[in-house]
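1. sequence and predicted structure are below.
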Amino acid sequence: MSTQEAKIKKISLEQFIVDHHHMFTVVGVFGGLTALFAKLENASFLAFFSFIMFIFLDIDIWIRFPKSEQASWSLRIFELLMQFYVILVGWYMVQTYPNYVSILLPFFFMFIFMGIFLSAFDRFKLFDQIRKISPPFHKSRTLIIRMIIAMAIVLGLFYLSLILGNLVATLIRDYFHYPPIP
């Protein structure tokens, strides 16, 4: 073991919580708001949206975890439990708010497809290929051609997201035996 490896100090669970205690506090606030709104009559919409914010905060904390070689064993266990917790929270959301989830599923898939598409475009340098398609002699025609290509891609991904979102929403409603959305 080299001296550099010996000098690397593992981040403990306590240190991670001290470093990110503000985020944990905000997660607790939104979790409490969600529980409060869930108990109130006619506040399911507020409960759902505070629940969505709760999930995004959970995911933000999960992203901040250090690499496994920098984390102590207790922090790694806590990270695994946090991953399991986010999955359980998502499952609870699907069971508790199936109508809201089925409405938002197309947008969820649209973000996923856009992310995949943009990473593929960046990895395979497809933006450069689109620039080569457009005629170099007229700037206005170049701009129009690029806009047409971009709109075709965005509309195609949006349509694919709508179809896939509606299919998954139908599966969710059928699985949990909820009535169809009016």
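-> Happy to help now that I have it.
2. give me the low-pLDDT residue ranges for the protein?
-> 1-8, 133-139, 178-182 (pLDDT under 70).
3. walk me through the domains of the chain.
-> 1-96, 98-182 (automatic domain parsing).
4. output these in a markdown table, with mean neighbour count appended to each entry.
-> Bear in mind the C-beta positions are built from the backbone N, C-alpha and C, glycine included. As requested, these are exported to a markdown table (neighbours: other CB atoms under 10 Å):
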| stretch | mean neighbour count |
| --- | --- |
| domain 1-96 | 14 |
| domain 98-182 | 13 |
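5. okay, Arg76 and Val27: tell me how far apart.
-> 20 Å (CB to CB, to the nearest Å).
6. kindly apply the preceding question to Ile11 instead.
-> With CB to CB as the criterion, Ile11 and Val27 are 19 Å apart.
7. without its sequence neighbours, what residue ends up closest to Ala71?
-> Ile11 (5.5 Å; CB to CB, 6 or more residues apart in numbering).
8. ugh, typo on my part, it should be Glu79
-> In space, Glu79 is closest to Phe65, 4.7 Å off (CB to CB, 6+ apart).
9. same question, Gln83
-> Nearest to Gln83 is Trp62, by CB to CB, 6+ apart, at 6.6 Å.
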